[in-house]
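**Q** Here is my input, please return the structure:
(2 chains)
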Amino acid sequence: MKNLKLMKKAAAILVSASMLAAMTGCASGDTDGGAESTAAEQLTYDEWMEEEPAVIGVCFSQINDEYNGYKSFLENYIGPQYNLDFIFSEQVDGIAAEIDFLESCSAQGAVGFIDFACNDMFQIADRCDELGIYLSVQMPLEEDEKELLEYDYFAGAAYTDNAEIGEQYAQGLEKVMEGSELEGLLLTTGIAANGNLQHIETGLNVLAGVAEMADLTYTEDTYDLVTSSSAIQVENSQSLPIYIYPGSVANTDGYLAGLSAQLMTGNYNVVISSTTSYPQMMTVIDEAEQALGKDIKLISVASIGADLQTAMTNQDSFGNLTLEAAVIKPGTWIIGGLVVPLLNALTGYQDAYKTDGVSAEYVAGCFLVTTTEDMEVINTKDVPEDPSSWVMQTSNMEEMLGMYHQDITREEICEYFGQDLNGLFG
Amino acid sequence: MKKVLSNRWLQMAFPLLLLILCVIIFSALTGGRFLSQSNISAIYEQGLIVAISAVGIAFIYTTGNIDMSVGSIIMLAGIMGGRTWETTDSTALMFLVTFAAGAVMLYLNNVLSAVLGLRTVMAAILMMNIYNAVGAELLGAESISIYRAVRDIGKSNARLYIALLLFIVCLVAFHLTRLGRELRFTGGNERCAATVGINNKKIIAVGYLFAAAAVGIACVFTLIRNGNISSVASSMGSDLMLATVLGGMSIFGGHKSNCYSGVIGAFTVVILSNGLLMLGVSNTLIQGVRGVLFLVIVYLSSEHPDTLPSRNQFS
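**A** Have a look, this model is predicted:
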C-alpha cells in the first residue's frame, strides 16, 4: 500500500516533469521561417516549373458552392499550370481558427497564403511576416490598414470595386421596383459595423437610392445607421419601414430566426442582402411570402455558381424569381488576381508586385443581373467541369506575370486587372 | 484481452502512450517535419487554452458534475476585458477584468446550483444562454482588435510559466492532498462520502474555486492568443469533454479521476489534426477521421463492466 502511494506520487511528479520538459522548447525561441523571401534571382516559367511545387494555404470564410468552384479553379487549373500545391481550410468562423490554419500551413512548408476570411488583417499580416509567408487578401483595405501594403510579405489585395457594387445595388433596387411600390425595406448590413467597406458602400448606396425613390430624408446620418452594430428601425420623413439588420449567417447566432421574425411583421416587401447568404435567406423569405400572402423581393451580391443559377432560374409562389436582382462579382477573375502577386513574389519579380516597397490593391468591376436571360450568359462562365469557361484564363494570367513579361510593373498589372470585363461576359 | 484492457496501470498510461505513439508515427511519416519548431509551437499554441481549462475543469468533472458554459464565459469575459481596454487603454487592467470576470462567472454556476438546488449541468446551460445574450447585446456584430496590445506578451514565455505553475498547483492539490481524495470520493459516491463526514457542497465549492482560477487564466490566454474579441462563443465546453475523455478520464468523475487527463487529451487532439493535415488529408476528411479514431480510443480506454452501474448519477 505504501509502495503504491509512493508510486502514485512519483508518477505525478514524472508527469509534471515530462510536461515541463516537453513544453519548454515549445513557446520560446524563433520559429522556423517559411521559405526564403523573394527569390534571389528572377525565374522564367521553365525554371519555376522545375522547382519543388510551392505550397499555398487558402483560408475560406465559408464553404458553399461559390468556394467549391474557387477550389476547383485553383486545384485543377491554376495549380498544375503554375507548379502550385494548395491546402484548403474548412470553414473558418473566427480569428482563432484562422490563426490555427495559418500555423498549420506554415508547418507544412507553405510559402503563400490566400485569405478570404480576413478576421484581423494586421494580425494575419504580422504573423505572415514572421513566418515568411506571402499574403494575398480578398478584402479592400481601410484607411488605417493601408500601411499593410508596405509589409515585406504582403503581396497584395484583390477585390471587386465597392463603390461600383453599391451603385449596382441602387440600380438593382430601381429596376426591381419598376411598377411596384416600396412598402418597406429590410437591409442586412453584414459586418459593416466592423468597418467592412463593401457592406458600408452597399448600405449607403441603398439608403440613398431609397431616399430618392421614396422622396424621403433620414433623421440620422446614414453612415451611423449603416454601421450600427445592433438592429434598428431607420427613422425617416415618410415613416417608411426601413430596418437595418447587422450580422450574418456565419457570425451571428440566431440570424435567420431574427430575420424571419422581422419579415413576419409584414412591414417589408424588399430584402437587400449585403452578404452572399442569399441561399439561406431565400428559404426564410419564401416562408414569409407564403404566410403573409405577399411577394417579397430579394436583392443580393453573388458570385457565379450553381447557387446563383438556381436562385435566378427558379420562381417563388408569386411567379417571380427567388432572387430578383444580383450584383455579381467577376468570379475567378478575382481569384486569379489573388494568385498573381504571390507568383510574382515567389518568382522574384519585385517590381511586378511592389513599387517603392508598396504593394497594390487590384480592383475589378461587377455586373447587375435582373433577368433569366442575363443569367444564361453568366451560366456559361466558371463552370468547374469546363476549364475553358473560367473567367480568368491562363492567357489572362500570363499578361500579369513577370515570368512572361520581365519588365512588367505593378501599375500595368493593376490596369490590366481593372479592365472592363463586359467583353468576357458577352 | 479483457484482462489487459482492464489493467489499471495500462488504463492510466494508455492516453499518454497514445500521444507519444502519434508523435512517433507522424514524425516518421512526414520525414521529421512533424517535429519542426514551427509545428511544435503550433501544437503548443493550439492546445494550451484547452489544456489549462481542462486542468481546472477536472475538479468539477471529478465530483460527477459537468459545466458546458466555458466557451460562453470566455467570450463574455473577453468582451468585458476588451471594453475595459477601449476605455482605459490599459492592458494590465484588461487582463485583470477578464480574469476576474471569467472566474466569477464560472463560480456563479456553482452558487446558482447550490441556491436553486439544480444540478450544475442545468445551471451551466441556463447561464450559458444568458452569457451569450449579454455578449451579443454588448458587442453585437462588432469585434475589438487588441492584437497590438497583446502581441509582445504573446511572444514571451509568460503564458508557459503561468500554465506550468497552475498545472503543478492543481496536480499537487488533486493528487497529494485531502482535497483531492474528498473530491474523488464525492464523485465516486456522494451518499457514501456524506456518510463519512464529507461536506459535499463545500468540497464541490472548493473544486469550483480551482476551476474558476483555471478558466479565468484561460480567458486571458484566449485574449492573447486571438488578439481579437467577438461575441461568438467557442465550442470550449464540448472540447473540454472531448479532451478529458480522450485523456482517459470519465466525465462522470469518480475515484479514478485525475487532473492531467484533459492536458493529455487536449494535445492529442491537436497532434492528430496537425499530423493528418501534414500527411495531406483534406481538412473536410480530418473531422471524420478524427471522429473514428476518438471512438476507438475512447472504447479502448473506457471501462466495460459486466454488470449495470450501481451508482445513480442523477439522484
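
**Q** switch to C-alpha atoms for all contacts and neighbour counts from now on
**A** Noted.

**Q** Enumerate the residues of the stretch 251-400 of chain A near chain B.
**A** Taking CA under 8 Å from any CA of the partner chain, the part of the stretch 251-400 of chain A that reaches chain B is made up of A:Asn251, A:Thr252, A:Asp253.

**Q** Now render those as CSV, adding secondary structure, pLDDT and neighbour count.
**A** Output for those, formatted as CSV (DSSP: H, G, I helix; E, B strand; the rest coil; pLDDT from 0 to 100; neighbours: other CA atoms under 10 Å in any protein chain shown):
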residue, secondary structure, pLDDT, neighbour count
A:Asn251, coil, 71, 17
A:Thr252, coil, 76, 16
A:Asp253, coil, 74, 17
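
**Q** any chance of those in TSV, plus distance to A:Thr394?
**A** Conversion of these to TSV gives the following (distance: CA to CA, whole Å):
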residue	distance to A:Thr394
A:Asn251	35
A:Thr252	38
A:Asp253	41
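
**Q** Check residue 31 and give its pLDDT.
**A** No chain in the question, so chain A it is. pLDDT, A:Thr31: 41.

**Q** oops, chain B please
**A** B:Gly31 is assigned 88 on the pLDDT scale.

**Q** now the helices for the stretch 51-200 of chain B?
**A** Taking DSSP state H, counting those that start in this stretch as the test, the helices found in the stretch 51-200 of chain B are B:70-88, B:91-116, B:120-139, B:147-155, B:158-175, B:178-188, B:190-195, B:200-226.

**Q** right, so of these, which gets closest to B:Phe59?
**A** helix B:200-226 (5.0 Å; CA to CA).

**Q** Buried ones in that closest one, by neighbour count?
**A** B:200, B:203-226 (16 or more other CA atoms under 10 Å in any protein chain shown).

**Q** and that helix, anywhere near chain A?
**A** Yes. Applying CA under 8 Å from any CA, one finds helix B:200-226 touching chain A at B:Arg225, B:Asn226.

**Q** can you tell me how far A:Asn320 sits from A:Thr265?
**A** To A:Thr265, A:Asn320 is 21 Å away according to CA to CA, to the nearest Å.

**Q** Which of the two has more residues huddled nearby?
**A** Using other CA atoms under 10 Å in any protein chain shown, the more surrounded residue of A:Asn320 and A:Thr265 is A:Asn320, with 15 against 10.

**Q** Let me see the confidence value for that one.
**A** Per-residue pLDDT puts A:Asn320 at 82.

**Q** what does the one 3 residues further on give?
**A** A:Leu323 is assigned a predicted lDDT (pLDDT) of 88.

**Q** Could you check stretch A:120-131 against chain B for contacts?
**A** Yes. Contact of stretch A:120-131 with chain B (CA under 8 Å from any CA) involves A:Asp120, A:Phe122, A:Gln123.

**Q** residues in contact with that stretch?
**A** Stretch A:120-131 is contacted from outside by A:31-34, A:95, A:99, A:106, A:118, A:134-135, A:145, A:148, A:151-154, B:145, B:147, B:227-228, using CA atoms under 8 Å, 6 or more residues apart in numbering or on different chains.

**Q** Many thanks, I have nothing further to ask.
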